[in-house]
Each structure stands twice: as C-alpha cells, then as structure tokens.
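Colleague: Here's a sequence, model it:
(chains A and B)
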Protein chains: 2
Amino acid sequence: MVATAAQPAARGAPSRRRRAINLRIPGPTTLPPAVRRALAGQMINHRGPEYAALQQETVEGVKRVFQTKNDVLFFPGSGTGGLEAAIVNCFSPGDPVLAITVGSFGERWCAIARAFGLAVDQLQIEWGKAAEPDLVRRRLRQGPPVKGVLITHNETSTGVTNPVGEIAPLVREHEALLLVDAVSSMGAIPFETDRWGVDVAITGSQKAWMIPPGMAMLSVSDRAWQAAEQAKLPRSYWDFRAMRRYMERGQTPYTPAITQMYGLRAALKLIFEEGLENVFRRHHAIGEQTRRGLRRLGLQLAADPRYFSDTVTAVVSPPGADMSLVRKRLREEYGVVIASGQDHWRDTHFRIGHLGYVRPAEIAQALRALGEVLGSH
Amino acid sequence: MVATAAQPAARGAPSRRRRAINLRIPGPTTLPPAVRRALAGQMINHRGPEYAALQQETVEGVKRVFQTKNDVLFFPGSGTGGLEAAIVNCFSPGDPVLAITVGSFGERWCAIARAFGLAVDQLQIEWGKAAEPDLVRRRLRQGPPVKGVLITHNETSTGVTNPVGEIAPLVREHEALLLVDAVSSMGAIPFETDRWGVDVAITGSQKAWMIPPGMAMLSVSDRAWQAAEQAKLPRSYWDFRAMRRYMERGQTPYTPAITQMYGLRAALKLIFEEGLENVFRRHHAIGEQTRRGLRRLGLQLAADPRYFSDTVTAVVSPPGADMSLVRKRLREEYGVVIASGQDHWRDTHFRIGHLGYVRPAEIAQALRALGEVLGSH
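Modeller: Reported below is the predicted structural model:
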C-alpha cells in the first residue's frame, strides 16, 4: 500500500482547477490504481470456467478477511441489501429479536426487521455511546427470549466500534443467532467471525475493500443455515439457499456483479501483500492520527473514547460554524470531501472517513485544510 | 458504433494464445472501449453534487430509451432483483395475477411471484412459441379476475419476442397492472412504455445497455404508484417509495452502483450518437444476419419465425453433436463464447446472443467458427 490516493492540493489553489480528490467520507472509499485498472476488464460468460475461477479466488480471499471457514455468499446489491438478506433468511414473521442500536445504521437494520414483521425489542443506546457488554447481558437476561440479536460492529454515523467480541458469548448463552453488520469495519478492524461465533456477518464492497459499491458479502454459520431452512419469511433474490447451491458449482442464480469481483480480486491482492494484520495496524494508526489532529484543532470527538472507531470519526461541529459551508469550501478549495452528520446529527456533527486506501498523508492534508477553513471562518 | 469489439481469430490458431473474445452470449455483453474507460472512474461522494448530476443525466437518458415520462428508478442489483422489486411493490399476499410464461425467465418471474404468496394463474406457453394476443385475450376473459399481468418482453431462453404492444390494450381492458420484464430487450428492440401503457418495465444493465451487471432499472407508472401505496407485501431494499423520495433529491436510500452509472453515462452517449432508431435497426439487421447464417449451416431455429428475437437466437442442437464439446472448442480455438440452452433445453439447444455492442463482423466470425467446428465434428 504505497501509492498515494490523492496529492495534497496547493494552498489557496483556484477552486476550479481539477485536482485529485481526497475522499474523506466513510465510503465509498478511494479506489487504488490497480483496482481501477481491474474495473475496466472486459465482460466474460458468468456461466463459464473463467467466472468460476474468479469466484473461487475471491471467495477464498474474502473468507481469510472474515477469518471464517463458514460459507461466504456474494449478492449484487448494496450493504443494506445484505442486512435485509440476513433478516429474511434467518427469521419467520413475528420472531422476537433484540436489535442493539447505537446510531443511524443500527436503526436502519431495526427498521428493516420491523418492515418484515419481526417482533423487535430495540435496545436503543444514546448516539456516541457503545453497546456495553454489561448492558447487553442485563437486557438479554431481563428481556423476553429472542431468536436473534442484531448488532452493528462499527457504527458509521457516530464513529463507535461495538465490542462484538465480548458481546458474542453473552448472545451464545441465550442460544440466539448473532447477526452482525460489519459493513464499515470488515477488512479494516479485526473481526473474528469464527472465534467469536458470529452467525451472519455482512459487509459492503465500497468500504475497507477499496472497490466500488454494488456487492454485499456475507458469511453464514451452520446455525444460520439451520435457521434458513426453517425461516418462513418470503424470499427469492436474497435466498441464501439458492445462492449457496449455485456458488458451490461456480455460478450464481442470476448474473453476478462481475466488475466488482474484478476489483475485489485486485484489492485482495493488495490486502494480502500488505498483510491483513498490517492493514489493521495501519487503520488503527491512521485512526489515532485523525483523532489527535482533530483534538489539536480544538474539536470535540463524538464517540466514547473507549470505543473509538478506526474507520470513521464523528466530530461535534464547532459552535457558530456553518458546517455545510465549511464542507463546501473544503471540497471546492482543497479537494477534501468530508461527510455531514446523519439524521439528528446532520448539522451538529460532521464525519471524516479513514478506511480503505488511505495513508497518513491524506489525513494530514485533510486536517490541514480543515484547520485553515475553520480558522478563516 | 464503429470500433470492433473482437477481432476474428486466425483459423486454427493455437488454443492457448490470448485473443479478443467474441462474447456471443445473451448478456453480460461486450463493453465498448469508452464504457471500459468510464468504469475505471474514481469514487465520489454519493451524497454530493457530482453524484446528483450523474444520476440526473443517466435517469434522463434511460427515460429516453424507455420512451417514458414515468419515474425511472435505479436499484443496485441484478435484473432479477428488478423483477422481485416489481412484485413486492405492486401486490399484497394472495393477490391474483396472471403470469404469461414462454420460457425460463418467465418461469423465474412466476416463481418469484409464488415465493411472495401471490395467487398466480400461469398461462404456460410451449417453449419456442410466443404469447399470441388471441390466447391472452381468451385467458383474461375466461380466467379469474387478476390484479396484474406479468409478461416477458423478450424471452432469453427461447429467442422469442412477445408482442407486448398488442397485448397491452387487452390487459388495460381488465384494469390490471401490466408488468413487463424487458431485461433483454430494452435498448435493442423498440419498447414504447408510455404509448403501450406499461405500468412497470424492468431492465438490467448487462444487456443492450453495454455496461456490466449490477444495476436494475425500472419505470413506474401513476397506476403502479397507486398500487405501491396500497401493497402490503413486506419490502425495504426494493421499496419504490423510498427510492423515489431519495432520487428526487439527487440521492438514493443506500449507496448506489456508482461504477455502473459511470458506464451507463458513457453508453448512453454511444446510443444517442448512433441514434436510438439506428440502434434498433442495427439489432434487427444483425438478428436477420444471425438467423440467415444459422440456416445456411443447416441449423434449425427454435422460435416461432413470427416472433424471432433480435437480441438472442435459440438453435436446435444438430443431431449427434456434443454441444458442450462444440462450445468448448469454439471458446478455446476461436475465442467465440456461445451459450448453452436453459433448463430442459440445456443439451437440446444452444443460444447465440446478438445484442448491445455488436457489429456484423462479430456475427460473421462466430458463424464461420461454428460452421467449422460443426463441420469437423
């Protein structure tokens, strides 16, 4: 991971000049040159041997990143589609589930579960806080029995990483399925699918994977397969069973996202060349760099410091700053693209993404630009 | 549309030599160079102004191809996902629908409707035949009242194009919604969404659009919007209402398939430079060329000649030929990739795709190669 994704823009350069963009949102993330070249690949027959080899190679790489021996399935669609797939394959209408939410994406999954008629008990945690294991333990003991627990590993709206490794054994005690939204963490923050005992883990292509949006990837445990056999929710496109049946013979039930898979093959090569542990270390170091730099600018971080995310940082908007204008100036004058807050944090917070194809230089440039714009504001 | 997608391979060239592939399957189709360049585009913020402009431009172009003023929605996913989206947005459990099937893809849609609990009356027509308007008229008059009619415009498994323009007014008489799978026809065969009164038309990116798989595009009429408001089937990812709400302000509810949209923008440019009518004419001429050439080889076409498809031709496997070996030799020795038959036609038929980025030269090379392999067999 050596090439630079974006060159620092000259200070005060004219806003109209075309420049490399420093994409500091929490996904889609910057594509490495090798991935971009791969994306331009010509189409192939999705029922032929070349596709089968592509699928096998990428599935094997994705399993290494998931740290799992479970089946891994690829669905053309966004990460949100993967969240829906987990619901419709594991449950029947009226099934009781506990949805632990610490922000916007947890709430999104909760809404999906409700849309499909599950009896959702929501453990709603204040934005910025994490799902503390003690709190989860109490709720599981005191609440109604549940068939599954939905939790976000890394909450993109607040910059909080939930301690899924500590929560997993608590869920196991209650014989509930553990479903984890790892969309914005997998491949950047350690995630031990098998050791933790995660039944369904879901991720999206446009995050740490350094490829474009358009493919959800999931792992399915034996227990989740049993659930899928019994689940009564209607399903077709997202049906795990059909997808596994086809993938076992090197195909998919319908046309796969071939271009995303070309990109994935190239990105996995970069990940394993760098080394998965090194990728995790780089994300942690860059997370620290980001937080340090933001604090130096006098800014307040939104998340509980014990649970800082190493892929995205949410920041309290400084009093008096029009962050919509700040974001516009960053984009137009510095080529730095940051994200607004989400939902009720839209104007009160902003977010900086630091996942995927990112080096210290991009973070430094973004922080410098942010400091200049806030200072002149 | 001038550049060549594949160069004819030298006769008897060694099978291991790398060569341009002549991808003669009915999708994914060959990508033009301009599309491939576009696919390599760097990521952008999907909540920013650049994305909003990309979406607006591509939606406008797609509307022109659909010949519609209806809303057009883009979903990350395959065309099959679009078929599911149409079902879950228009109907409630138990709703009676007529599914007119003339092959594998009609049956797939029928199966999706059944998976979601619709009361499906299937008008199953023999493979190779079309849905004759008289037959449809009778069934609509004699059968139970239906809330919707599902029909495949162009059946990829048999090479039949159904006369949707003649069937549409019959459906209208019965005040049923008309849902049309135009996955393998839209953009290649004339389709007049508004003039015919099609309520939901669905297409997939990897067909005539000349871009990779991974995006379903749909049009939704006013009547379909009313149905979507009343429909009780559970839905979230495919929810038309949420998608429209977001698309109206230049976004999508979840991350869109940005790379496919880059490709789409480039492909639409090619389509309109050539002229939509010329694109239709080219497909018809190339369809004729394909059928003429196949007959000259003494081969029997599978479809009713009154309803030949201009995007794909299904051919009866010649007696005694091991088509699996023929396809392998075509691929390895000539770089020509054709498709097997589907389902119960798997071994008895084969298919040649002639849609999207295709010129007479590719068809000529494919036919020459086929003739040589069959002749030496």
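Colleague: list the helices and strands the lengthiest helix in chain A packs on?
Modeller: Longest helix of chain A, by residue count under DSSP state H: helix A:276-296. Applying 3 or more CB pairs under 8 Å, 6 or more residues apart in numbering or on different chains; DSSP states H and E, one finds that helix A:276-296 makes contact with strand A:312-316, helix A:360-375. Any C-beta I mention is one placed from the backbone N, CA and C, and that applies to glycine too.
Colleague: would you say A:Arg329 is within a helix?
Modeller: Yes. A:Arg329 forms part of a helix when assessed by DSSP: H, G, I helix; E, B strand; the rest coil.
Colleague: if I look at the closest residue in space to it that isn't next to it in sequence, how far off is A:Pro76?
Modeller: Among residues not flanking A:Arg329 along the chain, A:Val373 sits closest, at 5.0 Å (CB to CB, 6 or more residues apart in numbering or on different chains). A:Val373 sits at a distance of 39 Å from A:Pro76 (criterion: CB to CB, to the nearest Å).
Colleague: So between these two, which is more surrounded?
Modeller: Neighbours per residue (other CB atoms under 10 Å in any protein chain shown) separate A:Val373 from A:Pro76, with A:Pro76 holding more: 34 against 19.
Colleague: What sits closest to that one if chain neighbours are left out?
Modeller: Nearest non-adjacent residue to A:Pro76 (CB to CB, 6+ apart): A:Ala257, at 4.1 Å.
Colleague: Name the residues that touch stretch A:123-134?
Modeller: Residues outside stretch A:123-134 that contact it (CB atoms under 8 Å, 6 or more residues apart in numbering or on different chains) are A:98-103, A:107, A:135-136, A:139, A:151, A:157-158, A:160-163, A:166-167, A:170, A:302-304, A:306-307, A:314, A:344-345.
Colleague: Report the buried residues of stretch A:63-76.
Modeller: Across stretch A:63-76, burial judged by 16 or more other CB atoms under 10 Å in any protein chain shown covers A:63, A:65-68, A:70-76.
Colleague: go on, stretch A:313-321?
Modeller: Neighbour-count burial for stretch A:313-321 flags A:313-317 (criterion: 16+ other CB under 10 Å).
Colleague: Now do the end-to-end distance for stretch A:226-242.
Modeller: End-to-end distance for stretch A:226-242, by CA to CA, to the nearest Å: 14 Å.
Colleague: Quick one: mean pLDDT for stretch A:188-199?
Modeller: For stretch A:188-199, the mean per-residue pLDDT is 98.
Colleague: pretty sure A:Ala34 contacts A:Ala266?
Modeller: Yes. Look at A:Ala34 against A:Ala266 with CB atoms under 8 Å: they come within range, at 4.7 Å.
Colleague: With neighbour numbers in mind, choose between these two.
Modeller: Taking neighbours as other CB under 10 Å, A:Ala34 and A:Ala266 compare with A:Ala266 leading, 22 against 18.
Colleague: what's near enough to touch the spatially closest residue to the more buried one that is not a sequence neighbour?
Modeller: Excluding the flanking residues, the one nearest A:Ala266 by CB to CB, 6+ apart is A:Ala38, at 3.8 Å. For A:Ala38, the contact set (CB under 8 Å, 6+ apart) comprises A:262-263, A:265-266.
Colleague: ditto for A:Ile189
Modeller: Contacts of A:Ile189 by CB under 8 Å, 6+ apart are A:153-154, A:161, A:280, A:283, A:309-311.
Colleague: Assign A:Gly61 to helix, strand or coil.
Modeller: What three-state DSSP gives for A:Gly61 is helix.
Colleague: about what we covered before: of the buried residues of stretch A:313-321, closest to chain B?
Modeller: Relative to chain B, the closest of the buried residues of stretch A:313-321 is A:Ala314; by CB to the nearest CB it sits at 15.3 Å.
Colleague: Go ahead and confirm the closest one touches A:Gly159.
Modeller: Yes. With contacts counted by CB under 8 Å, A:Ala314 reaches A:Gly159, the gap being 4.0 Å.
Colleague: anything in contact with each of the two?
Modeller: Residues touching both A:Ala314 and A:Gly159 (CB under 8 Å, 6+ apart): A:301-303, A:351.
Colleague: what's the closest of those residues to A:Ala216?
Modeller: A:Arg351 (22.0 Å; CB to CB).
Colleague: Also compute the angle for the helix or strand that closest one falls within relative to helix A:360-375, please.
Modeller: Per DSSP states H and E, A:Arg351 falls inside strand A:349-353. Put simply, strand A:349-353 runs at 160 degrees to helix A:360-375, going by axes from the mean of the first three to the mean of the last three CA atoms, to 10 degrees.
Colleague: Mean confidence (pLDDT) on strand A:349-353, please.
Modeller: Mean pLDDT, strand A:349-353: 98.
Colleague: Packing partners of it?
Modeller: Judged by 3+ CB pairs under 8 Å, 6+ apart, the packing partners of strand A:349-353 are strand A:22-24, strand A:312-316, helix A:323-329, strand A:336-340.
Colleague: in the third one, what's buried?
Modeller: Applying a neighbour-count criterion of 16+ other CB under 10 Å, the buried positions in helix A:323-329 are A:323, A:326-327, A:329.
Colleague: How many residues are close by A:Arg359?
Modeller: For A:Arg359, the neighbour count with other CB under 10 Å is 16.
Colleague: ok, the residue nearest to A:Arg329 touching A:Arg331?
Modeller: No. At 10.2 Å, A:Val373 does not count as touching A:Arg331 under the criterion of CB under 8 Å.
Colleague: returning to what we had before: save the shared contacts of A:Ala314 and A:Gly159 as CSV, and put in neighbour count too.
Modeller: As requested, the shared contacts of A:Ala314 and A:Gly159 are exported to CSV (neighbours: other CB atoms under 10 Å in any protein chain shown):
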residue, neighbour count
A:Leu301, 18
A:Ala302, 24
A:Ala303, 24
A:Arg351, 22
